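1. Following is a predicted model, sequence given first.
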Amino acid sequence: MTAPVPGPRALVSYIRTGSREARIAYRELPEKERSAYRALVRRVFETAITRHLGKRPSRERMLALIERTGDRHPQYAGGVRRVIRSAVEGVAVSGMSPRQVLTAQHLVIREIAKLHEDFRAEADEIVDPGTEFTGSEPHAVAKVTLKLDGTMHALELLRGAERMGGKSLGACIVRAWVDAEQRRWRSAKELGRYDLFPEIGSGKGGGDDYRHEAYSPSGLCRATVDRYGRLRAVTFMRTALFGDDGRHGLAEQLREAITEAQAGLKTALEPRAAANVAEVVNRIA
């Protein structure tokens, strides 16, 4: 098995699997990076405590968490009690080394993750809430930023976009999207989330030609996405692209068209999925 990459990715892996290798991977970090990792674990630990105990935790729930985690890890029971009380009651942690504190915090995080499926499912966003992937293209007129799940976070048109025709500009936007998507997919593959579809541009799509389209409110542009919500084409419906708001106004219309295309995709696919299930059932019958 490949050793976990020290740092945030190892923490995500630990939250999901409880792997000891993932828990201790930080020990491979250079000393100057360990303080940042300790701060990261402390933040995630506090998030976990709030998720499980709420913003106004009762003493009974706190003691139950201490007992549950201590029973599972008796050799660390004292440390677990101290870090939980520190988070809930503001009691200072004393008599513990930084490694002991980090170990106890890890154990509590994992115990809470086992109790809350949504905490495990959202581990990558909890560890790195700012996870996003930005792509560009050779002409440097378009920039696209995607979230980990592949939805669009931002789309910008840069200086020089005004000098391009609609067809060329549309191609640049798609290229920037592909660049961002390739970055996103590689990270998703490492994390094991949002990676169930083939990498864009890999040729592993099996010739799937399903597309879904949506227009901007003004009808100026049309965005076309594939069944995974990935932008495949931008079409401008008239030659005059830039109004009073220039490239910023056009970028806003593009964002609206793409957002609508991604949002409408699920609804559009649901009847197809139901039909496929019915077909399989009929064949079995």
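-> Okay, I see it. Only a predicted model underlies this, so the values are computations on that prediction, with no experimental measurement involved. Numbering: from 1, shown residues only.

2. What separation is there between the most centrally placed residue in the chain and residue 201?
-> Nearest to the mean C-alpha position of the chain, by Cα atoms, centre = their mean, lies residue 148 at 3.2 Å. From residue 148 across to residue 201, the span is 19 Å (Cβ to Cβ, to the nearest Å). For glycine as for every other residue, the C-beta is placed from the backbone atoms N, C-alpha and C.

3. Can you classify residue 232 as helix, strand or coil?
-> Residue 232 falls in the strand class when you classify it by DSSP: H, G, I helix; E, B strand; the rest coil.

4. nope, residue 199 is what I meant
-> Residue 199 is classified as coil under three-state DSSP.

5. tell me the contacts of it?
-> 182, 185, 186, 189 (Cβ atoms under 8 Å, 6 or more residues apart in numbering).

6. before we move on, what about residue 121?
-> Counting by Cβ under 8 Å, 6+ apart, residue 121 has no contacts.

7. got a pLDDT number for it?
-> The confidence metric pLDDT takes the value 89 at residue 121.

8. same check, this time on residue 195
-> 79.

9. Which phi and psi values does residue 31 adopt?
-> For residue 31, the backbone dihedrals (degrees, to the nearest 10) come out as phi -50, psi -40.

10. Sorry, wrong one. I was asking about residue 145.
-> Torsion angles, degrees, to the nearest 10, at residue 145: phi -120, psi 130.

11. Please report how far it lies from residue 124.
-> Distance, residue 145 to residue 124, using Cβ to Cβ: 17 Å.

12. Which one of the two is surrounded by more residues?
-> A count of neighbours by other Cβ atoms under 10 Å puts residue 124 above the other of residue 145 and residue 124, at 25 against 17.

13. wait, isn't the more buried one in contact with residue 149?
-> No: Residue 124 is not in contact with residue 149 according to Cβ atoms under 8 Å; the separation is 10.0 Å.

14. ok, and the closest non-adjacent residue to the residue nearest to the centre of the chain?
-> Excluding the flanking residues, the one nearest residue 148 by Cβ to Cβ, 6 or more residues apart in numbering is residue 131, at 4.8 Å.

15. thinking again about what came up before, what residues are shared contacts of residue 124 and residue 149?
-> By Cβ under 8 Å, 6+ apart, the residues touching both residue 124 and residue 149 are residue 193.

16. Would you map the strands across this structure?
-> 132-136, 142-147, 152-157, 211-215, 221-226, 231-236 (DSSP state E).

17. Just want the angle from the last one to strand 142-147.
-> Translated: strand 231-236. Interaxial angle, strand 231-236 versus strand 142-147 (axes from the mean of the first three to the mean of the last three Cα atoms, to 10 degrees): 140 degrees.

18. what's the answer for the fifth one, then?
-> Computed by the same axes, to 10 degrees, the angle separating strand 221-226 from strand 142-147 equals 50 degrees.

19. quick one: strand 221-226 to chain centroid distance?
-> 23 Å (Cα atoms, centre = their mean, to the nearest Å).

20. Quick one: mean pLDDT for that strand?
-> 96.

21. Low-confidence stretches in the stretch 1-150 of the chain?
-> Applying pLDDT under 70 to the stretch 1-150 of the chain flags the ranges 1-5.

22. 80 instead?
-> 1-5, 32, 91, 129-131 (pLDDT under 80).

23. ok, which stretches of it are helices?
-> 8-17, 20-24, 31-53, 59-72, 77-89, 98-115, 117-121, 123-127 (DSSP state H, counting those that start in this stretch).

24. With residue 215 as the reference, name the closest of those helices.
-> Nearest to residue 215 among the helices of the stretch 1-150 of the chain is helix 123-127 (31.1 Å), distances taken as Cβ to Cβ.

25. Show me what that closest one is in contact with.
-> Counting by Cβ under 8 Å, 6+ apart, 8, 11-12, 15-16, 40, 44, 47, 113, 119, 131, 148, 191, 193 sit against helix 123-127.

26. same deal with stretch 71-84?
-> Residues contacting stretch 71-84 (Cβ under 8 Å, 6+ apart): 45, 49, 62, 65-66, 69-70, 91, 93-96, 100-101, 103-105, 107-108, 111.
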